[in-house]
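J.: Need coordinates for the following:
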Amino acid sequence: MRIRVIALTLALAIALPAHAAVTGIDIVERAPFAGGMSFGDVGPYEKFRGIAHFALDPNAPANAAIVDLKRAPRDAQGLVTFTSEFVMLRPVGAEPSTLLYDVNNRGHIAILGQIDGKGAAHNDPTTVEDAGDGFLMRHGFTLLFSAWTWDVAPGQPGDRPLVFAPPIARHSDGSPITGPVQNEFSVSAPAEIATYAGLQGLTYEPATPDDPEAVLTTRARPDDPRISVDRNLWSFVAPVKPGGPGRVHLEGGFKPGTIYELIYTAQNPYVTGAGLAGIRDLLAYFRDHDFAGHAHVRRTLIFGISQSGRLIGRMLHDGLDVDETGRLAFDGAYMQVPGGGGSAGFNSRFVQPTRHPSMLEEHDYPADAFPFTSAPSRDPVRGETGSTLDHARDAKGRLPKLFIANTSTEFWNRDAGLIATTPDGAADVAPAANVRLYAFMGAQHYVGRSHTRFPYVNCVSTTDHYLPMRALILALDRWTGGGAPPPDSAYPHVADGTLINVAAYRAAFPQGLAIAPPHDNLHEDRLLFGQRFASEGIADTIPPIHGASYVALVPASDADGNDRGGVRLVELEVPLGTHTGWNERAPETGFPWADARFDGSFLPFARTEAERRALGDPRPSLEARYPTRADFVAKVRAAAAKVVAAGFLLPEDVERTVDENAGLYDRILTHDPKDESCGYLFGK
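T.: Okay, here's the model as predicted:
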């Protein structure tokens, strides 16, 4: 079925502003979702797949921040046009529901895997299995996904990633725009050919095939001097798949333990910020218009994980949460594990959204920069004052309600401490009234499931922070609907000693354990890309000049090595071991000095006091903490009730919490500590 819904017909003209950014919707698929099964009191769902048509006014104030929009081709009305594929899952019942937009991560739907417990096969939610436990459906959300970024590498056969085709910027005479592009990469094993694009992504390819002026350099650490590789020793190679990332061949091969950097001249930069405007305008359209027999939604929320959460941060930073009519496109936003917030990296010339820094990678990429805090703070180095919300208010001065949640890993590897401190780490900065900050202590970027240690030294953290995410989604929905306020912010602070520097962390961490803290965390430098970057989003200096570093702090450790402050989940209230936000890279990877990019560590307590003494472990054993299994389970239930009361766990998820923790307790007691495998940490 293909139904054309024209947004500018006379029938809708009264409801539309003078410049409607969404000009039409093509419905290309409409079918029952999950075989028509009923989700609790909400009932069955249906699935739509469609194409949204957009037209942006380059002269509208709401679009002024979109880099290179005025250099994009225009139609006869002077508007920049493009399309975006979307997928919608909505209740069949006609009652208006909350629309929850999930910013896809590298083309892939993320929210179903983390909230409902099951990612959609081939990125195409269709079956009962794709619904997971049906949490979002049982709570009646209309779910919306659309394409917003172009740098998505081809996937497996049958996959249906959401990939955006942005307008291309050109000079006024129609000639191509050119500029330098930087690509940093490494290999985990010796290889003659390597891909130089970012994580699961694409990059701009050279304007001249096998560009003879391109430069390949090597260095051991990010701050080391670059060493050029003789141009006769390497060459560009075609991608494995058509449309896939380019590759490069090096005589003698690429080796682990080396950072490679490839710089060349590219052409035809995408107007990547149009993808952000597309999200904004699609939400505004469904906010205001009936769709396929249903009244428009009652409110709109936006949700993003990692890269996708950082993108929301960029939308707020650039005022792209406000549509061309001067209204907020979304009532609330949930940014999950965005680290320092994502104030750059999504809306500049030749930007590659898939790239971002960690201890090892991408220290020259514009990922996070001042301001970091939602309330005004001052950068003492540059003498600037600002906040992330300076441009986010609508025409009536309103701001969306925001949740920003990080795990312990983001404090170590993504500058998360900066969203609540001054840039020098000297003092706390309380969040704005419309913002809540949460830190899931002892958790890592995603819930750990790795059964092996490699490519890291330690087993990964087992803390399940997906359950508090479920509670917070419902809390945000209530809050934006005028209901009960959400839980107060819960994150570490400088003032109470729960947010400290790495040296103090290492001093407080229990000594003599089989795991040892890193010597440093990520603290990004102030990057100087040239005079046009701040005002026009155009980088003239590649690589950038490095200025002074921001000071990013980490959560303090208690006597068990578990983080203090923040959201105290059951795993830390009734611990079975030490959960950290850091993990060391295995020496075989070539970078043993660097942290894992996304993973933390878990080291269980000794089972008995005798075992503890034999190991030299300073932490009390499980035997000393929990005399019986029944005692442990009782403590877990009491802790779960406490977390429910705090608003970070739903009553419906208590039994899952008890089962997960009791199962881990049982597996630790039956595991031989001489066995260094990690599979025992995870149930079937």
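J.: Nearest the geometric middle of the protein, what residue?
T.: residue 306 (0.8 Å; C-alpha atoms, centre = their mean).
J.: Backbone dihedrals for it, please?
T.: phi 60, psi -120 (degrees, to the nearest 10).
J.: okay but it is in contact with residue 105, surely?
T.: Yes: using C-beta atoms under 8 Å, residue 306 is in contact with residue 105, at 6.2 Å. Just so you know, the C-beta spots here come from the backbone N, C-alpha and C atoms, and that holds for glycine as well.
J.: what sits against the residue nearest to the centre of the chain?
T.: 105, 110, 336-338, 445 (C-beta atoms under 8 Å, 6 or more residues apart in numbering).
J.: How about residue 122?
T.: Taking C-beta under 8 Å, 6+ apart, we find residue 122 in contact with 156, 158-160.
J.: Can you tell me which of those residues has the most neighbours?
T.: Tallying neighbours with other C-beta atoms under 10 Å puts residue 160 at the head of the contacts of residue 122, with 17 neighbours.
J.: pLDDT score assigned to it?
T.: According to the prediction, residue 160 has pLDDT 96.
J.: which one is it nearest to, not counting chain neighbours?
T.: residue 124 (4.7 Å; C-beta to C-beta, 6 or more residues apart in numbering).
J.: Next: residue 293.
T.: Leaving aside its sequence neighbours, residue 293 sits nearest to residue 94 (C-beta to C-beta, 6+ apart; 7.3 Å).
J.: same question, residue 641
T.: Excluding its sequence neighbours, the residue lying closest to residue 641 (C-beta to C-beta, 6+ apart) is residue 654, at 7.6 Å.
J.: okay, now that neighbour: neighbour count?
T.: Neighbours of residue 654 (other C-beta under 10 Å): 18.
J.: ok, back up a step: in strands, which of the contacts of residue 306 appear?
T.: The members of the contacts of residue 306 that map onto strands under DSSP state E are residue 336.
J.: which among the contacts of residue 306 gets closest to residue 222?
T.: Proximity of the contacts of residue 306 to residue 222 (C-beta to C-beta) peaks at residue 445, which lies at 20.1 Å.
J.: Is residue 165 in contact with residue 85, as I believe?
T.: No: here residue 165 lies out of contact with residue 85, judged by C-beta under 8 Å, at a distance of 9.6 Å.
J.: So which of these two has more stuff around it?
T.: Taking neighbours as other C-beta under 10 Å, residue 165 and residue 85 compare with residue 85 leading, 19 against 14.
J.: what's the helix or strand for the more buried one?
T.: Using DSSP states H and E, the element containing residue 85 is strand 80-91.
J.: Past that strand, which element shows up next along the chain?
T.: Taking DSSP H and E, what comes next after strand 80-91 is strand 98-102.
J.: Which secondary structure elements does whichever helix or strand comes after that next one sit against?
T.: Note on strand 98-102: by DSSP H and E, the next helix or strand toward the C-terminus is helix 111-115. Packing contacts for helix 111-115, counted by 3 or more C-beta pairs under 8 Å, 6 or more residues apart in numbering; DSSP states H and E, involve strand 98-102, helix 135-138, strand 299-305, helix 466-480.
J.: and residue 66, what is it in contact with?
T.: Counted by C-beta under 8 Å, 6+ apart, residue 66 has contacts 56, 271, 273-274, 276-277, 318, 320, 347.
J.: if we take the residues you listed, which one ends up nearest to residue 660?
T.: residue 276 (37.1 Å).
J.: before we move on, what SS does that closest one have?
T.: The assignment at residue 276 comes out as helix when based on DSSP: H, G, I helix; E, B strand; the rest coil.
J.: wait, it sits on residue 318?
T.: Yes: contact status for residue 276 versus residue 318: in contact at 7.4 Å, counting by C-beta under 8 Å.
J.: so the residue lying closest to residue 70 once chain neighbours are set aside, which of the three states?
T.: Nearest residue to residue 70 in three dimensions, chain neighbours excluded: residue 58, at 4.6 Å (C-beta to C-beta, 6+ apart). With three-state DSSP as the basis, residue 58 sits in coil.
J.: Residue 58: neighbour count?
T.: Counted with other C-beta under 10 Å, residue 58 comes out at 17.
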